[in-house]
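1. With the sequence up front, the predicted model follows.
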Amino acid sequence: MTAPLVDIEGLRFAYPGAPGPALDGLDLRVTEGEAVALVGPNGSGKSTLARLLAGLAVPDDAGRAAVCGHDLLEPQGRLAARRDVGVLFQDPENQLVAEDVEADVAFGLENLGWPAERIRERVEEMLAAFDLDGLRERAPHLLSGGQKQRTALAGVLAIPRRVLVLDEPTAMLDAGGRDEVLAAVRRVWAEGLTTVYVTQEMGEVSLADRVVALEGGVAVFSGAPRELFADLTLVTRLQLGLPAAAEVALALREHGGEAGSLPLTMDELLDTLAGGAR
Amino acid sequence: MRATVTQYVPGRSPLHRLDPRIKIVAVTALAVALFVRDSYAALAVFAAVAVVAVLVSGVPPRWFWRGLKPLLWLVGLTFVVQILFAPGEAFFSLGPIHLTWEGIERATFLSVRLVVLVVTGAVLTLTTPPVALTDALAWLTRPLRRLRVPTEELALMVTIALRFIPTLLMELDTIMRAQRARGADFAHGGITTRARALVPVLIPLFVVSFRRADDLALAMEARCYRPGLTRTRLHPLAAEARDWLALALVAVVVALAMVV
Amino acid sequence: MRLSCRGLTVAYVEAGRAIPALTDVSFDVAAGVSVALLGPTGAGKSTLLQALKGLLEPETGVVALDGLTAADEGFAARRREVGLVFQRPELQLFAGSAREDVAFGPRRLGWPADDVAVAVEAALELVGLPPTRFGERHPYALSGGEQRRLALAGVLAMRPRLLLLDEPFVSLDPAARRALAAVLRRLLGGGTTLVLATHDVDAAWELCDHRLVLDEGRLVAAGPWAFGAGGEESLVEHGLEPPFLVELWRRLGRSAAEAPRTCAAAAEALR
């Protein structure tokens, strides 16, 4: 059996001056090729975990904290993790550094000291993969939110990665931008990249292979999305954003309705309603 | 039209395509030489070079005029000072003002020289994108790294600052409108009133900028940035034969100006 | 406050060219009504709201508040009773405490200190940030959702009779969205005329009785929701989905015109 790409046990982390720990003995295992959704209410430690996974923060303590074989407890391990683990953050504006899209996608490769020819090739690949070809000389302030996030994603993945972490990448986008970014992420998934996707939207959770739910800095659930959606108490406690179909079903069940998984789409809701009518 | 903060006008002229390092060196050499020699012939040579450069650049003259306008006061001042305080026999006097032919000659010379300087400098900034300028300066100042001057990091700082200026301006505009919607008044009152009125605008801008710095630093580290790295470039600076030729031409011109 | 627009045309200048943002917009909104301003990004919703508040000068056209226009004497006073909450309004927070920030607007209106204090307390209560707990907290120490409600309080403290909101739900986490929706529901009962610009059709359906649909600067629909036998063509034509509950009712073979406004009401009707 191959070792998991993310192998974490008993991870602890507290922000200096904070009343309590952000992560309090977290366990997380992700095997290669898995798409894991990470959910939890505000303050549950999701963003903190995202940064730790990428070697961007120093864990206070852990039984084991290995990402792609690198030890996050060691400075060298964290540096190596930054190379293998890519992170896409929430704010589309504050990830773009360069004067235009093309230059920004190249930024990471320039940091790695790649020769110009290789950089050019890789940048072309990324611009094509994320539909950015027509925008290559556009300045960042002239891009829409969705375009900015796609550019940032292209820049993150220009460096070949083994794991991709996405920290609520659509939270600050409008509906159009959200669709753009999700389509890009799905394309990345189709190629089998191991992903940890932090989100609070139920609709996005359903796209994952597995969901891990955090509460108070520990994992309280790990399983298939459908399983999570069948646990109404948990869904409410996690403060997930529910699509309208789920809200209607939830309201119905409050007064003794069906058991089973919450519907996410119109069709699923109609099925549930038809089933109840039997 | 690109952001006018940096005055770059895109184009495909031979000057646009010259290596920015060569351009910086050439313009610096021309500027220094311009002031070293005091002869009319030399000035004529430099003026001719400037005119040729303007024509070759393909940049519409109005851009040069726009670059010159803010400095017209200096040219005018130079002219007036020279006229009023030059030595020599006055051909016209009115109270303390003595006009001499030498004075007028001198004033014209100095004013023309100033104009030539500004236009030559403008050729550089109008034909070179700001990032190319920054890269070129970083390369040229690389020896300073031995003195612990962080030239690479400074160059990156300039690039990032330029990238965020339009964003900050947009945010400034939005915050001002939002505060105006709450009754803030930025248009009336004396200096102190207006300064105080800006507090509800400046504080949020500062906060946004500090948060931005935090986020950006993290995003850069996530893309393997570390200070002190030697970074390669997507478009590396590479001087070709024509760049050296241009530099040689400039050297010839400077030498010529030194002897005429 | 009654609100009307006649032939409102707004353009802005970019790179020496005039770009039309609104073209010939005319509509009427009765006092105390809640109106959703719908349209895709770039349709001109923000521009319209800012023009109504007087932050932008129109090329042509007239805005009338309570029947008064710019030429009339009471107009300036009416304008001060229009509250505008920008997108991501937490960006405007600057004071050292929640109370101080909320007090900014009322103070700018020249109210006496006692009135300001009363208005501030009331506004904080209204947005669900009880002054005893939140009054002295530093705005930047609050969560994103709390900051947004604090910024809203800053506008509500000026006691607007017409409240304009520009995409109030964008960038909020689900818990904060729910908290804000609750505040807006509380506001709606209070007699304030409300114009809510959003691209979220479901939120618009739940909170508002009327709608204005903008597309590329032109008004393509105005008035109460018009779901019925023909359906709401204007929404679909201009790239907007009909509200979920309306679609649900249609799929269930029920009359779209009777579709419930909230999921709870839908559940009630389905039982």
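-> Great, that's in hand.

2. Residues of the stretch 1-150 of chain A that sit close to chain C?
-> Residues of the stretch 1-150 of chain A lying close to chain C (Cβ under 8 Å from any Cβ of the partner chain) are A:Pro41, A:Asn42, A:Ser144. (Each C-beta comes from the backbone N, C-alpha and C, glycine too.)

3. Strands along the chain, start to end?
-> Just so you know, I chose chain A. In chain A, the strands defined using DSSP state E lie at A:6-13, A:23-30, A:35-39, A:64-67, A:70-71, A:85-88, A:163-167, A:194-198, A:210-215, A:218-223.

4. wrong chain, I was asking about chain C
-> Using DSSP E, strands in chain C cover C:3-14, C:17-29, C:34-38, C:60-65, C:82-85, C:162-166, C:193-198, C:210-215, C:218-224.

5. Isn't A:Asp157 up against A:Val85?
-> Quick fix: residue A:157 is Leu, not Asp. No - between A:Leu157 and A:Val85 there is no contact under Cβ atoms under 8 Å: 11.5 Å.

6. re the thing from before, confidence-wise, which of the residues of the stretch 1-150 of chain A next to chain C comes last?
-> Looking at those by pLDDT, the weakest one is A:Asn42, with 85.

7. got the domain boundaries for the chain?
-> Reading this off chain A. A:6-241, A:242-278 (automatic domain parsing).

8. ah, I was thinking of chain C
-> Under the assignment automatic domain parsing, the domains of chain C span C:3-81+C:160-234, C:94-158.

9. Repeat that for chain B.
-> Residue ranges for the domains of chain B, per automatic domain parsing: B:14-143+B:237-259, B:163-222.

10. for those domains, which one sits closest to chain A?
-> Set against chain A and scored by Cβ to the nearest Cβ, these come closest in domain B:163-222, at 3.7 Å.

11. the helices in chain C, which residues?
-> In chain C, the helices defined using DSSP state H lie at C:45-53, C:75-80, C:98-108, C:113-126, C:131-134, C:144-156, C:174-188, C:201-207, C:233-237, C:244-251, C:263-270.

12. Chain B too?
-> B:14-17, B:20-36, B:40-57, B:61-68, B:72-85, B:101-127, B:130-140, B:151-181, B:191-197, B:199-222, B:241-259.

13. I'd like to know which of the strands of chain C is closest to chain B.
-> Smallest distance to chain B across the strands of chain C (Cβ to the nearest Cβ): 4.3 Å, for strand C:82-85.

14. Touching, B:Leu117 and B:Ala31? I think so.
-> Yes - using Cβ under 8 Å, B:Leu117 is in contact with B:Ala31, at 5.8 Å.

15. Spell out which residues of the stretch 101-250 of chain B are next to chain A.
-> Residues of the stretch 101-250 of chain B lying near chain A (Cβ under 8 Å from any Cβ): B:129-131, B:159-160, B:162-163, B:166-167, B:170, B:211-212, B:215-216, B:218-226, B:229-236.

16. Give me the buried subset of those residues.
-> B:129-131, B:159-160, B:162-163, B:167, B:212, B:215-216, B:218-225, B:231-232, B:234 (16 or more other Cβ atoms under 10 Å in any protein chain shown).

17. Run through chain C and note the low-pLDDT ranges.
-> For chain C, the stretches with pLDDT under 70 are C:15, C:228-232.

18. Now it against chain B: closest residue?
-> Relative to chain B, the nearest point of chain C is C:Arg108 (3.0 Å; Cβ to the nearest Cβ).

19. quick one: contacts for A:Val212?
-> For A:Val212, the contact set (Cβ atoms under 8 Å, 6 or more residues apart in numbering or on different chains) comprises A:Leu28, A:Val36, A:Ala37, A:Leu38, A:Val39, A:Ala219, A:Phe221, A:Ser222.

20. So which of those is the closest to C:Asp166?
-> For these, the closest approach to C:Asp166 (Cβ to Cβ) belongs to A:Val39, at 29.4 Å.

21. excluding its backbone neighbours, what's nearest that closest one?
-> When the adjacent residues along the chain are set aside, A:Val39 lies closest to A:Ala213, with 5.1 Å between them (Cβ to Cβ, 6 or more residues apart in numbering or on different chains).

22. what bridges to that neighbour?
-> A:Val39, A:Phe221 (DSSP bridges).

23. For the residue in the stretch 51-200 of chain A that chain C sits nearest to, grab the count of nearby residues.
-> Closest approach between the stretch 51-200 of chain A and chain C, counting by Cβ to the nearest Cβ: A:Met172, at 4.5 Å. Using other Cβ atoms under 10 Å in any protein chain shown, A:Met172 is surrounded by 20 other residues.

24. do the same with A:Val67
-> 27.

25. Also A:Arg122?
-> Neighbours around A:Arg122, by other Cβ under 10 Å: 20.

26. Read off the pLDDT value for the residue of the stretch 51-200 of chain A closest to chain C.
-> What the model reports as pLDDT for A:Met172 is 92.

27. how close does the nearest residue to it once chain neighbours are set aside sit to A:Gly177?
-> Closest residue in space to A:Met172, ignoring its immediate chain neighbours: C:Ser171 at 4.5 Å, by Cβ to Cβ, 6+ apart. Plainly put, C:Ser171 is 11 Å away from A:Gly177 if you go by Cβ to Cβ, to the nearest Å.

28. which bits of chain C sit near chain B?
-> Counting by Cβ under 8 Å from any Cβ, chain C comes close to chain B at C:15-16, C:50, C:53, C:55, C:80, C:83-84, C:86, C:89, C:91-94, C:104-105, C:108-109, C:140, C:154-155, C:158.

29. Try it again at 7 Å.
-> Contact residues (Cβ under 7 Å from any Cβ of the partner chain) of chain C with chain B: C:15, C:50, C:53, C:55, C:84, C:86, C:89, C:91-94, C:104-105, C:108-109, C:140, C:154-155.

30. For residue 168, give me its contacts.
-> Assuming you mean chain A. Listed by Cβ atoms under 7 Å, 6 or more residues apart in numbering or on different chains, the contact partners of A:Glu168 are A:Gln90, A:Val198, A:Thr199, A:Gln200.

31. should've been chain C
-> C:Val85, C:Leu180.

32. Now it. Its backbone dihedrals?
-> phi -70, psi -20 (degrees, to the nearest 10).

33. What residues does the stretch 51-200 of chain C have near chain A?
-> Residues of the stretch 51-200 of chain C lying near chain A (Cβ under 7 Å from any Cβ): C:Ser143, C:Val170, C:Ser171, C:Asp173, C:Pro174, C:Ala175, C:His199.

34. change it to 6 Å
-> Neighbours of chain A within the stretch 51-200 of chain C, by Cβ under 6 Å from any Cβ of the partner chain: C:Ser171, C:Asp173, C:Pro174, C:Ala175, C:His199.

35. out of those residues, which one sits closest to chain A?
-> Nearest to chain A among these, with distances taken as Cβ to the nearest Cβ, is C:Pro174, at 3.4 Å.

36. Correct me if wrong: that closest one contacts A:Leu242.
-> No - look at C:Pro174 against A:Leu242 with Cβ atoms under 6 Å: they stay out of range, at 7.5 Å.

37. Among these two, which residue is more densely surrounded?
-> Applying other Cβ under 10 Å to C:Pro174 and A:Leu242 shows that A:Leu242 carries more neighbours, namely 22 against 18.

38. Just confirm that one contacts A:Glu201, I think it does.
-> No - in this structure, A:Leu242 is not within contact of A:Glu201 by Cβ under 6 Å, at 8.7 Å.

39. Which neighbours do these two have in common?
-> Shared contacts of A:Leu242 and A:Glu201 (Cβ atoms under 6 Å, 6 or more residues apart in numbering or on different chains): none.
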